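# only geometry, no sequence info:
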C-alpha cells in the first residue's frame with residue numbers, strides 16, 4: 001500500500017511540470033501570435049509566406065508559413081526568397097538616392113541627361129503633350145510624371161518613348177495632365193529609374209545596386225535570381241531573364257517589380273530607413289536623404305500636387321490602429337505575389353511580409369482582392385509589438 005502511494009505521488013510530481021509547461025504554451029503570446037499569423041495566411045489562400053517584425057533596430061519575430069514547393073512538400077523557411085513586386089521600387093529608390101548623395105544624379109535634372117549610352121548624346125525627355133516641361137527623377141519617384149502605368153502592348157522602348165524627338169506619335173504613353181500637377185501611379189515611370197542607374201554607373205542593375213546598397217548592408221538580394229546566393233530557394237516561377245549587357249530600352253521591367261529578397265532582409269532595409277539611414281552602426285544613407293524620401297514633394301521641382309508617395313516611399317494613413325500619424329514604406333502585388341514593408345519611426349516598429357497565393361492563373365481577380373492581407377497581418381503584429 002505504501003509503495004503504491006509513493007508511486008502515485010512520484011507520478012503526480014512528474015506530471016506537474018508537464019502540465020505547467022502545457023499551460024504556459026497555451027497562454028504564451030508568441031504561440032498565440034503564430035496561430036493568428038497562420039490564420040491570416042490561410043484565410044487569404046496563401047501557398048506560402050513569411051512575416052518578420054523588428055523593434056528598436058532588432059528583429060524580434062519571424063514566422064514562415066506553408067510550402068515553398070507544394071508539389072515536393074518543401075516547407076517555406078526563412079532561407080527562401082520572394083519576389084517583392086512593387087516594393088522593388090523602394091529598393092531601387094535607395095540606390096537612386098545614393099547616386100544623388102554622391103552628386104551623380106540631380107533629382108530635378110532632365111532624365112534624358114542620364115538615360116543614354118556613354119557614346120550617345122543626351123536628349124530632352126518630355127511628354128509630347130507638354131513638350132516644354134522636362135521629366136525629372138523627382139517626378140518619377142513621386143509618381144507625378146503623368147506617364148501611363150503599364151498599359152502598353154507591345155511594351156515601349158524606354159528612350160524612344162521619352163525622347164521628345166521620337167515620341168511625338170506616342171501620346172498614349174502619357175496622361176493628359178501636365179507633369180507635376182497630378183498623381184498617377186506608374187510602374188513604367190518608376191522602372192525608368194533602374195535604366196538610369198545602369199546608364200550612370202555603366203553596370204547592370206544588380207551589380208550597381210549591390211555596390212550602392214546590398215553589399216554595404218550584407219543583404220542577399222538581386223533583381224534576377226541568378227544573383228542570389230541560393231537561386232534554387234525562390235518561391236515563385238515568375239522570373240525575368242537578363243539579356244546580354246545593359247539594355248536601356250527594356251531593363252525597366254526589372255527595377256519596378258522584380259527584386260528578389262528574403263523577408264528578413266527586407267525587414268533590415270526597413271530598419272535602416274526607420275533609423276534615418278543607419279544600419280549596424282554604418283551610415284547607408286544620410287539622415288536628410290531618408291527624410292526627403294519620406295516627405296511630400298509638393299512645392300519642389302515644379303510639383304504642385306501632394307502625392308501619397310515621397311520619393312518612392314509610400315506615406316500611408318491607417319487610422320484604425322496608427323492614430324494621427326503616417327507610416328512609411330511600400331506595398332505591392334503582381335501575378336500571385338503580395339508583399340509589404342512598413343515602418344513607424346516614432347515607435348521604431350518595422351513590419352515586412354511576403355506571400356505567394358494560390359490559383360493565380362485560374363482566378364486573377366481573387367488574387368487582386370487580397371490586398372487586405374498585408375493590413376490584416378500588420379494589425380495583428382502591431383497589437384503585439386507596436387505600442388509606444
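Nice, thanks for sending it over. Remember, predicted model here, so these are calculated numbers, not experimental data.

# can you pull out the strands in the stretch 101-250 of the chain?
126-127, 130-134, 221-222 (DSSP state E, counting those that start in this stretch).

# got those strands as TSV, with mean pLDDT, distance to residue 303 and mean neighbour count columns?
Placement of C-beta: from N, CA and C, glycine included. Conversion of the strands of the stretch 101-250 of the chain to TSV gives the following (pLDDT from 0 to 100; distance: least, C-beta to C-beta, whole Å; neighbours: other C-beta atoms under 10 Å):
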stretch	mean pLDDT	distance to residue 303	mean neighbour count
strand 126-127	96	15	24
strand 130-134	96	11	15
strand 221-222	96	30	24
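
# Let's have these in a markdown table, adding distance to residue 354.
Shown next, in a markdown table, are the strands of the stretch 101-250 of the chain (distance: least, C-beta to C-beta, whole Å):
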| stretch | distance to residue 354 |
| --- | --- |
| strand 126-127 | 35 |
| strand 130-134 | 37 |
| strand 221-222 | 13 |
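
# ok, the closest residue to residue 88 other than its chain neighbours to residue 121 distance?
Spatially, and ignoring its direct neighbours in sequence, residue 88 is nearest to residue 259 (3.7 Å; C-beta to C-beta, 6 or more residues apart in numbering). Applying C-beta to C-beta, to the nearest Å, the value for residue 259 to residue 121 is 31 Å.

# Equivalent analysis for residue 34, please.
From residue 34 to residue 121 the distance is 58 Å (C-beta to C-beta).

# out of these two, which sits in the busier spot?
residue 34 (15 against 7; other C-beta atoms under 10 Å).

# same for the one helix or strand the more buried one maps to, what does it pack against?
Using DSSP states H and E, residue 34 maps to helix 29-43. Packing contacts for helix 29-43, counted by 3 or more C-beta pairs under 8 Å, 6 or more residues apart in numbering; DSSP states H and E, involve strand 58-69, helix 372-381.

# avg pLDDT for the last one?
Model confidence over helix 372-381 averages 91 on the pLDDT scale.

# Show me which positions of it end up buried.
Across helix 372-381, burial judged by 16 or more other C-beta atoms under 10 Å covers 373, 374, 375, 376, 377, 378, 379, 380, 381.

# check contacts around the fifth one.
Listed by C-beta atoms under 8 Å, 6 or more residues apart in numbering, the contact set of residue 377 reads 37, 40, 51, 351, 353.

# Mind picking the lowest-pLDDT entry from the residues you listed?
On pLDDT alone, residue 40 ranks lowest of the contacts of residue 377, at 93.
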